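Asks: all I have is the shape, not the residue letters:
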């Protein structure tokens with residue numbers, strides 16, 4: 001089932017969760033990121049695992065285009081800093097280093 005998870009699945013999960021959760025959503029890359037960020041956010045923020053970086057970035061783009069409010073994504077910088085990759089979405093945050101762990 002994990003193989004079928006894509007950016008649209010992540011975005012739709014967040015959309016459907018809005019009826020039960022009025023707070024914020026934080027999209028992260030994977031399950032280990034969920035465990036880390038659970039230490040830093042309270043119950044007003046629901047953390048969603050996208051299973052990979054591409055899904056996280058694309059899901060945020062989908063929700064941003066729909067003007068869905070209350071969503072941030074945090075992804076590992078990997079080599080984006082060195083490659084000079086520009087981030088166009090102010091709701092997309094990068095880790096300072098290559099990998100959060």
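Replies: Done, it's in. Fair warning: this is a prediction, and the values are worked out from it, not measured in the lab.
Asks: quick one: average pLDDT of the longest helix along the chain?
Replies: Identified as the longest helix of the chain according to DSSP state H is helix 53-65. For helix 53-65, the mean per-residue pLDDT is 97.
Asks: the helices in the protein, which residues?
Replies: Taking DSSP H as the criterion, the chain carries its helices at 7-17, 31-37, 53-65, 80-83.
Asks: lowest-pLDDT helix or strand in the protein?
Replies: Among the secondary structure pieces of the chain, namely its helices and strands, helix 80-83 has the lowest mean (mean pLDDT, DSSP states H and E), a mean of 76.
Asks: go through that helix and flag the buried ones.
Replies: Neighbour counts over helix 80-83 (16 or more other CB atoms under 10 Å) mark residue 80 as buried. Glycine gets a C-beta too; all of them are placed from N, C-alpha and C.
Asks: what lies in contact with that helix?
Replies: Contact partners of helix 80-83, identified using CB atoms under 8 Å, 6 or more residues apart in numbering, comprise 87, 94.
Asks: let's go with 7 Å and repeat that
Replies: Around helix 80-83, the neighbours that count as contacts under CB atoms under 7 Å, 6 or more residues apart in numbering are residue 94.
Asks: same question for stretch 41-53.
Replies: The set of residues that contact stretch 41-53 without belonging to it, under CB under 7 Å, 6+ apart, is 2, 5, 10, 13-14, 17, 21, 23-31, 33-34, 37-38, 56, 59, 75-76.
Asks: show me where pLDDT drops low in this structure?
Replies: For the chain, residues meeting the criterion pLDDT under 70 lie at 1-3, 98-101.
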